[in-house]
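Chemist: Dropping a prediction and its sequence here:
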Amino acid sequence: MKRTDYLSWDEYFMAVALLAAQRSKDPNTQVGACVANEQNKIVGVGYNGFPWGCSDDELPWNRTGAFLDTKYPYVCHAELNAVLNSISKDLRNCRIYVGLFPCNECTKVIIQSGIKEIIYLSDKYKDSDQVKASKIMLNSAGIAYRRLKTELRSITISLVPPEL
Ligand SMILES: O=c1ccn([C@H]2C[C@H](O)[C@@H](COP(=O)(O)O)O2)c(=O)[nH]1
Ligand SMILES: [Zn+2]
């Protein structure tokens with residue numbers, strides 16, 4: 001008899017996004033994103049980090065202080081990286097799974113790439129103008145967004161082989 005406790009597609013793609021987030025060096029908020037196509041194939045994955053060639057140890061990870069001394073002008077957001085890392089430029093009808101509701105800049109990238117649906121986990125910045133702007137644009141462009149519905153509280157991945 002087949003297993004019944006396997007991951008749904010939504011849970012699987014969100015888990016991939018959350019795994020990617022584990023690569024982030026951001027000490028405060030680690031975000032991962034996973035783009036899946038209509039055939040449920042992963043076409044792009046990304047997480048928030050500094051641009052190629054910019055040292056994680058030289059640029060600041062601060063949240064506060066003078067703008068240029070914070071991470072905000074430098075960090076590439078997870079969704080941007082997932083789209084740029086995609087195997088295709090044309091992401092029409094794809095879905096993006098992301099740990100955090102996309103900011104307005106990521107929302108523009110998502111809309112322009114052709115992605116048709118956003119599935120997110122946290123909406124912790126929902127009261128910010130950035131996220132409000134995201135929702136205005138998404139509603140206007142007719143792009144769906146929904147919070148992941150799952151009974152799962154966590155997914156455990158063991159790196160210890162079963163025989164040990
Ligand atoms: O759409 C988004 C919004 C934010 N991020 C990243 C950018 C930063 O590295 C963190 C947010 O840091 P806070 O300390 O929580 O302000 O999240 C993203 O990848 N995508
Ligand atoms: Zn963003």
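Modeler: Ah, there it is. Residues are numbered from 1 along each chain as shown. Ligands and ions are numbered 1, 2, ... in the order given.

Chemist: tell me the strands in this protein, going along the chain?
Modeler: For the chain, strands defined by DSSP state E occupy the ranges 32-36, 42-47, 95-100, 117-122, 144-147.

Chemist: and the shortest one, how far out from the chain's middle?
Modeler: The one in question is strand 144-147. Distance of strand 144-147 from the chain centroid (Cα atoms, centre = their mean, to the nearest Å) equals 13 Å.

Chemist: do stretch 30-46 as well
Modeler: 8 Å.

Chemist: can you check stretch 91-108 too?
Modeler: 7 Å.

Chemist: pull the CA atoms of it into PDB?
Modeler: Below are the C-alpha coordinates for stretch 91-108, written out as PDB (Å, rounded to 0.1, in the frame of the first residue of the first chain):
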ATOM      1  CA  LEU A  91       7.700  32.100 -16.400                       C
ATOM      2  CA  ARG A  92       4.100  32.400 -17.700                       C
ATOM      3  CA  ASN A  93       1.700  30.400 -15.600                       C
ATOM      4  CA  CYS A  94       4.300  29.500 -13.100                       C
ATOM      5  CA  ARG A  95       3.800  29.700  -9.300                       C
ATOM      6  CA  ILE A  96       6.200  31.100  -6.800                       C
ATOM      7  CA  TYR A  97       6.500  29.800  -3.300                       C
ATOM      8  CA  VAL A  98       8.000  32.200  -0.800                       C
ATOM      9  CA  GLY A  99       8.500  32.300   2.900                       C
ATOM     10  CA  LEU A 100       7.600  35.900   3.200                       C
ATOM     11  CA  PHE A 101       5.000  38.000   1.300                       C
ATOM     12  CA  PRO A 102       6.800  39.700  -1.500                       C
ATOM     13  CA  CYS A 103       7.700  43.400  -1.200                       C
ATOM     14  CA  ASN A 104       6.700  45.900  -3.900                       C
ATOM     15  CA  GLU A 105       9.900  45.600  -5.900                       C
ATOM     16  CA  CYS A 106       9.700  41.800  -5.900                       C
ATOM     17  CA  THR A 107       6.100  42.000  -6.900                       C
ATOM     18  CA  LYS A 108       7.000  44.000 -10.000                       C
END
